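> Would you be able to build a 3D model of this:
(one chain, ligands or ions: 2)
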Amino acid sequence: MSAPSPGLSPLPPVEQVRPGLWSVPVPIPNNPLRYVFVYAFETERGPYIVDAGWNTDDAYATLCSGLAQAGFDIATVQGVLVTHIHPDHYGLAGRVREASGAWVGLHSADAALIHDRYEVPEELIVRVGTMLRRVGAPPDELASLERASMPVLPFVTAVKPDLVIEDGDKPEVPGWDLVAIWTPGHSPGHLCFWEPRNALMLSGDHVLPRITPNIPFHPQAGADPLGDFLRSLERLEGYQATEVLPAHEHRFVGLQSRLAELRAHHERRFAEVVTAVRDGTTTAWDIASHMQWSRPWDRIQGFMRRAAVGEAMAHLRALEARGVLREVPGEPSRWELARE
Ligand SMILES: [Zn+2]
Ligand SMILES: [Zn+2]
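Ligands and ions are numbered 1, 2, ... in the order given. Next up is the predicted model:
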């Protein structure tokens, strides 16, 4: 995460990716990723967009002007295909629907999380607290970590989808034949979209060219999100994409080699975790502090620290599913080798 500070670099330009297909960068406030790409498909009825951006006035204005640059009026958007419910993708979907009457489409596994996450988060905060005690978070950090994701709430309008998109569905985008591929991991209902006419893979946050997507472990993530993610990488293996259109960073060629790099990254992480456990580190919190991060552990704070521990937990759970590690219940729970 060494990208320039927000505001210092201009956004990438609005670009025509292929005839009738545009990429429109939309800014993300105070985030090293800086922007999310909204992809707009031209049809005879009006544009259909993949993802929408954060719910800020600035993001909305940039989306409107970017679409205008591509020749579209926001009021004519027909559908919003959301790759997953993170605020940088789904946050603006409601506002686009309000402005245009477009449908909003989302996978059922992410649609199921909206109420607890964005509408009535109190119960989820309690569950996060229980999880943090179980992973061994220090008592003096508990209260702030429990609420570490609350500041994003104003950036999301919690709209219910008009259209539930399942694996293999072809949401109606006239003339394009887009196919949804369910790729859980980064989010339980993450979707990629395959565009067969030009052999393009719209990869959302599932496959990015440089950074590895965060695979969080939290009460809404399912039992083994990293196992899900690795299986979801395999799901893309057979697609011979001419280019990959991710939601962040930049477009790239070489889907298969990027899939291999992501798998190798997590195998290295597994080895770090097993080494820490073998050396006698037992709680998920302490194991996280022994892993390699982009900055020293004591400089990782707040939501980033919770994300780091969540990532350690995701690796621990996947290793448990592989039969390598075992969790000894307790508060905190302790991890040990399953066999030696
Ligand atoms: Zn995301
Ligand atoms: Zn994202």
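
> CA atoms for contacts and neighbours, from now on please.
Will do.

> Give the pairing partners of the helix or strand hosting V36; include direction for each.
Element membership for V36, per DSSP states H and E: strand 35-41. According to DSSP bridges, strand 35-41 forms sheet pairs with strand 21-27 (antiparallel), strand 48-50 (antiparallel).

> would you turn the ones you listed into CSV with mean neighbour count, distance to R127 and mean pLDDT?
Converted to CSV, those look like this (neighbours: other CA atoms under 10 Å; distance: least, CA to CA, whole Å; pLDDT from 0 to 100):
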stretch, mean neighbour count, distance to R127, mean pLDDT
strand 21-27, 25, 31, 98
strand 48-50, 25, 32, 98
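
> Just tell me which of those ends up closest to R134.
Evaluated with CA to CA, those place strand 21-27 nearest to R134, the distance being 36.2 Å.

> Tell me, please, the helix or strand in this protein that averages the lowest pLDDT.
Ranked by mean pLDDT, DSSP states H and E, the weakest helix or strand in the chain is helix 139-146, scoring a mean of 82.

> tell me what that helix is packed against?
Judged by 3 or more CA pairs under 8 Å, 6 or more residues apart in numbering; DSSP states H and E, the packing partners of helix 139-146 are helix 122-135.

> which helix in the chain runs the most residues?
When the chain is parsed with DSSP state H, its longest helix is helix 255-278.

> buried ones in the helix or strand following that one?
Using DSSP H and E, the helix or strand that follows helix 255-278 towards the C-terminus is helix 284-290. Under the neighbour-count criterion of 16 or more other CA atoms under 10 Å, helix 284-290 has 284-290 buried.

> can you pull out the strands in this protein?
In the chain, the segments counted as strands under DSSP state E are 15-18, 21-27, 35-41, 48-50, 79-81, 103-107, 163-165, 179-182, 191-195, 200-204, 243-246, 325-328, 334-337.

> Out of those, which one sits most buried?
Greatest average neighbour count among the strands of the chain goes to strand 79-81 (a mean of 28), per mean count of other CA atoms under 10 Å.

> what sits up against it?
For strand 79-81, contacts defined as CA atoms under 8 Å, 6 or more residues apart in numbering pick out 47-52, 93, 97, 102-106, 173.

> and E272, how many neighbours?
19 (other CA atoms under 10 Å).

> Could you find which two of the buried residues of helix 284-290 are furthest from each other?
Every pair of the buried residues of helix 284-290 checked by CA to CA; the farthest is A284 and H290, at 9.9 Å.

> While we're on the closest residue to P225 other than its chain neighbours, how confident is the model there?
Distances taken as CA to CA, 6 or more residues apart in numbering place G185 nearest to P225, at 4.8 Å, with adjacent residues excluded. G185 carries a pLDDT value of 96.
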